[in-house]
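> Okay, sequence plus prediction incoming.
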Amino acid sequence: MTVQDVRAFNRFYTNVIGALDYSRHLYAPYTLTEARVLYELAHSARTDAADLRTGLSLDSGYLSRILARFERDGLVERAPSAEDPRRRRITLTARGRETAALLGERSDQAVAGLLAGVPADERERLGEAMRTVREVLSDGRTPRREDVLLREPEAGDLGWIVQRNAALYAAEFGWNTDYEGLVARIVADFAEDHDPHLERVWIAELDGRPVGCVMCVRDEAPATARLRLLLVEPDARGLGIGDRLVTAVIDFARGVGYRDLVLWTNDVLTSARRLYRRHGFVLVAEKPHRSFGKDLVGQDWRLDLTGAPG
């Protein structure tokens, strides 16, 4: 393969996906880069200008002009970061989230239209070729925290949550298929009936594959949300993914008006319990039980959302 081969492929692919005329391609007033910035803002729990600049490898002046345009259009708000006043935290407004969702829907439709022209028996070969490109070009590079993207679930992701929970808990703790049944019911309940304004799922993605997940759903108690099914793949641990997923749930729950956030876990999940405690959750009750083929100690944890963010 030569440099010219790669450049020829790049010209071909950008033409196929309409990258050079993105605004007309999606009937939107934003360029591909601007749409990508919106996507990052919509799928990250906490994002400041420095995060965006590093994660997207953008020139600071170019990014500043994009954010200034978004601010004029009412899509974002900028304020000093609570963690470091020298940094600027960028958050989407309600209009910004609507715009990001609309661009996402139109992108999905555009890709669906592209795939519609690919014969069914060729799609697997196409998918394998794409996976090969990703794997070869990322070979030997150590994953970084900024490489992880938090996003909403796509087709197949809810099934992935069930499968990976079942497989990982069986491998790490010896839990039987009773646990898989529990996870399947939780996920099915969400898929069949949830309020998108008050309930949400996050998928952590690294190099194009899911590596983590968490859910925020309504609890039976008034003004209370429940954190469920937090999971991080073993080969993706150490990148702060669990911390980002829990932060996403807390910020979302507080932002939509919940007063309390609760969760149920078991004493054997020591890493998860340390994470919950670090975020301010308090152990309120525990009880021995026999579940999933094991003798366990179930624990209820609670976080008061009415105080100032930590």
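That came through, no problem. Numbers count the residues shown, from 1 in each chain.

> What are the neighbouring residues in contact with Met215?
186, 190, 199-202, 227-229, 249 (C-beta atoms under 8 Å, 6 or more residues apart in numbering). (C-beta placed from N, C-alpha, C; glycine too.)

> pLDDT-wise, which helix or strand of the protein ranks last?
Least confident helix or strand of the chain, by mean pLDDT, DSSP states H and E, is helix 22-25 with a mean of 72.

> distance between that one and the chain's centre?
26 Å (C-alpha atoms, centre = their mean, to the nearest Å).

> Return the alpha-carbon coordinates of whatever helix or strand comes next after it using PDB.
Beyond helix 22-25 in the direction of the C-terminus, DSSP states H and E gives the next helix or strand as helix 32-43. This file holds the C-alpha atoms of helix 32-43, laid out as PDB (Å, rounded to 0.1, in the frame of the first residue of the first chain):
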ATOM      1  CA  LEU A  32     -19.200  18.100   9.600                       C
ATOM      2  CA  THR A  33     -16.700  19.500  12.200                       C
ATOM      3  CA  GLU A  34     -19.400  21.600  13.800                       C
ATOM      4  CA  ALA A  35     -21.800  18.600  13.900                       C
ATOM      5  CA  ARG A  36     -19.100  16.500  15.500                       C
ATOM      6  CA  VAL A  37     -18.500  19.100  18.300                       C
ATOM      7  CA  LEU A  38     -22.300  19.000  18.900                       C
ATOM      8  CA  TYR A  39     -22.200  15.200  19.100                       C
ATOM      9  CA  GLU A  40     -19.400  15.300  21.700                       C
ATOM     10  CA  LEU A  41     -21.300  17.800  23.800                       C
ATOM     11  CA  ALA A  42     -24.500  15.700  23.600                       C
ATOM     12  CA  HIS A  43     -22.800  12.500  24.600                       C
END
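
> Can you pull out the residues in contact with stretch 61-80?
Where contact means C-beta under 8 Å, 6+ apart, the residues beyond stretch 61-80 that reach it are 33-34, 37-38, 41, 49, 52-53, 56, 58, 86-93, 95-96, 99.

> If you count neighbours, what's buried in that stretch?
Along stretch 61-80, these residues count as buried under the neighbour rule (16 or more other C-beta atoms under 10 Å): 63, 66-67, 70, 75-76.

> same thing with stretch 21-40?
Of the residues in stretch 21-40, those scored as buried under the neighbour-count criterion (16+ other C-beta under 10 Å) are 22, 26, 28, 30, 32, 34-40.

> any idea how far Ala155 is from Leu245?
21 Å (C-beta to C-beta, to the nearest Å).

> Ala204 too?
According to C-beta to C-beta, Ala204 and Leu245 sit 6 Å apart.

> Leu261 too?
Counting by C-beta to C-beta, the gap from Leu261 to Leu245 is 13 Å.

> Kindly report the same for Glu124.
Between Glu124 and Leu245 the distance is 31 Å, computed by C-beta to C-beta.

> who's more crowded, these two?
Set Glu124 next to Leu245 and count neighbours by other C-beta atoms under 10 Å: Leu245 wins out with 25 against 9.

> what about that one, helix or strand, and which?
Counting by DSSP H and E, the element that carries Leu245 is helix 241-255.

> I'd like to check the angle between that helix and helix 32-43, please.
80 degrees (axes from the mean of the first three to the mean of the last three C-alpha atoms, to 10 degrees).
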